[in-house]
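*Asks:* structure for this input, please:
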Amino acid sequence: MDKDSYLTTPELIEELKLSRSTIYRMVREGMPYIQFGRDKHFNLEEVKAWVETRQRGVGALSPGTVMNNDTLAMTFKCSTQGGMRRSNTTHTLVVISDHSNLKNVYEDKWMNDILYYTGMGLTGDQVLEGNQNKTLYESNENGIKVYLFEVYSPGEYTFIGQVALAEEPFQTDEEDQDGNLRKAWKFPLKIVGASYPIPEETLVETYNRKEKQAKKLDSNELKKRAKLTSKSTKHLKKRAEEANKDKQRNVRTITSTAYDRNPYISEYVKRLANGVCQLCEKEAPFKDATGEPFLETHHVKWLSNGGEDTIENCAALCPNCHRKMHYLILSEDVEKLKAVAQKNSEI
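*Replies:* Predicted structure coming up:
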């Protein structure tokens, strides 16, 4: 047997970008090797075939499969905890985007079918070393297969598909769990192969739940969240433009096309209007079920035309004026709302 065709443990560690303890664990689980004296040596092709065998159950998953947390952990042989779960056994990384937790400090945003996924770390600046942020950062080179799940109802994990980095990860300013501004890592993820289109009604239900939460916030907290969200959206759009994408929209593919609107911005703009339409300047025609004046948020430059979901692009309108803006699009109305939206952003 030709010893030169085998890798030493340090060489295998370098090739697979794994730690020594991980290699030892894989050996205990049956990874093939041969013994030369006191040292273990590995045939790279045999090792890759062994890993592939471990991944067969994962590879058989169909996008759209819904499972509970225990089933997910059993399938991938990973932890039941955390939003990023690495499995040394299956050589995979599961990333979970949880939209069901209304107190979640992570804001993952879809733009042009790319998910800008937030890294690990609840407080302080997020770092790459010592956690799975580094695993995801190097996932295009380290051979780890990355799989995306989204959660819209507590305890229900919907398999979206295999993903890969679409571009270089970057840092942006966001709040941490304690409300302090910090640097957060964003990982632009694109679907590899087949994916699951989330039903539009699921997104609408999630938005409505978040909208109810936004209504309960005091004005200072709402303003802070709306401002930070606007800043984050503008930053992501700039990144998309720098990556030479033709259309920068808050959009994802679902059973029909929908636009990713933020309830904090919507509620903040309506609260600034104080029950008065910002176009006709008349009081809202009626009150909603909670007794609040009924106004609707309008994007001055439509999202479908590349407009941003930011304070600078939003105004609060009565239903009549809102419909007017979508049917007539009079230039004088557009200019008035541009000025209104700019004023909203300066408050």
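
*Asks:* of all residues in this protein, which one is nearest the centre?
*Replies:* Per C-alpha atoms, centre = their mean, the C-alpha nearest to the average position across the chain is that of Asp108, at 2.6 Å.

*Asks:* report the separation between it and Gly193.
*Replies:* Going from Asp108 to Gly193 by C-beta to C-beta, to the nearest Å gives 21 Å. C-beta here means a position set from N, CA and C on the backbone, and glycine is covered the same way.

*Asks:* try Ile114
*Replies:* Taking C-beta to C-beta, one finds Ile114 at 15 Å from Gly193.

*Asks:* what's the answer for Glu150, then?
*Replies:* Distance from Glu150 to Gly193, by C-beta to C-beta: 17 Å.

*Asks:* the more surrounded of the two?
*Replies:* Glu150 (22 against 8; other C-beta atoms under 10 Å).

*Asks:* quick one, phi/psi of the more buried one?
*Replies:* Taking degrees, to the nearest 10, you get phi -120, psi 150 for the backbone angles of Glu150.

*Asks:* wait, it sits on Ser97?
*Replies:* Yes. Between Glu150 and Ser97 a contact is recorded at 4.9 Å, counting by C-beta atoms under 8 Å.

*Asks:* what about the stretch 151-300 of the chain, any weak spots by pLDDT?
*Replies:* For the stretch 151-300 of the chain, the stretches with pLDDT under 70 are 240, 242-260.

*Asks:* which residues in it form helices?
*Replies:* Using DSSP state H, counting those that start in this stretch, the helices of the stretch 151-300 of the chain run over residues 200-216, 219-242, 263-273.

*Asks:* give me the neighbour count for Lys282.
*Replies:* There are 11 residues near Lys282, going by other C-beta under 10 Å.

*Asks:* hmm, it is touching Leu317, no?
*Replies:* No. In this structure Lys282 lies outside contact range of Leu317 using C-beta under 8 Å: 10.5 Å.

*Asks:* if we can go back for a sec, would you reformat the helices of the stretch 151-300 of the chain as TSV and include mean neighbour count and distance to Thr172?
*Replies:* Shown next, in TSV, are the helices of the stretch 151-300 of the chain (neighbours: other C-beta atoms under 10 Å; distance: least, C-beta to C-beta, whole Å):
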stretch	mean neighbour count	distance to Thr172
helix 200-216	15	20
helix 219-242	17	5
helix 263-273	23	17
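
*Asks:* make JSON lines out of those helices and add distance to Asp70.
*Replies:* What follows is those, written out as JSON lines (distance: least, C-beta to C-beta, whole Å):
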{"stretch": "helix 200-216", "distance to Asp70": "22"}
{"stretch": "helix 219-242", "distance to Asp70": "34"}
{"stretch": "helix 263-273", "distance to Asp70": "31"}
